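1. give me a model of this one.
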Amino acid sequence: MPGPPTAPLHAPASLLEGVDAAVCNALGISNLRHRSALHSLSLPEEIDLARLVYEAVAANWSTGRAADNRDRSAQNWRWCVPQPQIGAANKSPEVVLERAIAAACVALGRDDWANQVPVASGLIRGAADGRRAIDLVHMRGARHFQFVELKIASDTPLYAAVELLGYASIWLLTRANPPTRPSALLQADTVDLRVLAPAAYYAPFALARLEAAVDAGVRLLGAGSGVALSFGFDVLPEGLSATIPPGGKALMRLLEARRPLGQPQPSQPL
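-> Numbers count the residues shown, from 1 in each chain. Okay, the predicted model is just below:
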């Protein structure tokens, strides 16, 4: 496990408090959500975003005494409890697709996907982390999971990457200070961090260097804790970003056709 963090001067209201500011300061940008910042992003070789985010989260974990509250919520890192319900007024394309995936899994009796997996409820004082959850989690094999941040039309690839780094940091800290209730997710030894978005979402940006740097950083961070971590940008197949995505087997077939950003799109049969 990485060395002891430097504790902040006040009790944090969230385990992710100060993370965005620390990353913006390190990269010399004003906001992770600003597309213009990513267009001109300079990523110095000495900046390890994975370590930077981990140290900020670990400092909050320590000062907020999160380990003392590890049994406060029975929902953190639950597996596998799909959440297919969606409010009639919720038109967010990410939420619509995420809940459609959950509904398809329920209909097909699949237990390899879950959505809205809580990670930090009740760990420190304040309500900021009560709804903190990973969009999608996919079981890839024994003790091997993929944490997925789903994006269609919101934020930026950089913002999504930092979100995943925050969740990975909480996972590492919780894994080292586990609740008494067992969780298959906390017993995993391999976790792939993936942003999943349409090709058009990535198109305006040159992301190869950012992807490689974050991947190298999380691999080092994981190795320090005896686990395998990786990072990547994945492309959401066409048809899954539609206003009304397909359901059932058709949806799952498309989902399984997702590909790494740097991999060419398979040619269509004539």
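2. could you list the low-confidence segments of the stretch 1-150 of the chain?
-> Low-confidence regions of the stretch 1-150 of the chain, defined by pLDDT under 70, span residues 1-9.
3. try 50 this time
-> In the predicted model, the stretch 1-150 of the chain carries pLDDT under 50 at residues 6-8.
4. tell me which element the residue most central in space within the chain falls in.
-> A centroid search over the chain (C-alpha atoms, centre = their mean) returns residue 164, at 3.1 Å, as the residue closest to the centre. Here residue 164, judged by DSSP states H and E, is contained in helix 157-176.
5. how about the helices in the protein?
-> Ranges of helices within the chain are 19-27, 35-39, 49-63, 93-108, 157-176, 199-202, 208-223, 248-256, based on DSSP state H.
6. for these, which one sits closest to residue 118?
-> Checking the helices of the chain against residue 118 by C-beta to C-beta gives helix 157-176 as the closest, at 10.3 Å. Heads up, the C-betas are built off the backbone N, CA and C, glycines and all.
7. quick one: buried residues of that closest one?
-> Within helix 157-176, the residues scored as buried using 16 or more other C-beta atoms under 10 Å are 157-175.
8. go on, stretch 70-78?
-> Residues of stretch 70-78 classed as buried: 70, 73, 75, 76, 77, 78 (neighbour count, 16+ other C-beta under 10 Å).
9. can you name the residues in contact with it?
-> Defining contact as C-beta atoms under 8 Å, 6 or more residues apart in numbering, one finds that stretch 70-78 is touched by 114, 117-123, 171, 174, 177-181, 183, 185-186.
10. how long is it from one end to the other?
-> Length of stretch 70-78, first residue to last, C-alpha to C-alpha, to the nearest Å: 13 Å.
11. got JSON lines for the buried residues of stretch 70-78, with distance to residue 12 too?
-> Listed next are the buried residues of stretch 70-78 as JSON lines, based on distance: C-beta to C-beta, whole Å:
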{"residue": "70", "distance to residue 12": "16"}
{"residue": "73", "distance to residue 12": "17"}
{"residue": "75", "distance to residue 12": "21"}
{"residue": "76", "distance to residue 12": "17"}
{"residue": "77", "distance to residue 12": "20"}
{"residue": "78", "distance to residue 12": "24"}
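12. farthest pair within these?
-> Using C-beta to C-beta, the pair of the buried residues of stretch 70-78 lying farthest apart is 70 and 78, separated by 14.0 Å.
13. give me the helices and strands touching the helix holding residue 164, please.
-> Here helix 157-176 is seen to pack against helix 19-27, helix 35-39, helix 49-63, strand 144-150, strand 190-198, helix 208-223, strand 228-236 when contacts are counted using 3 or more C-beta pairs under 8 Å, 6 or more residues apart in numbering; DSSP states H and E.
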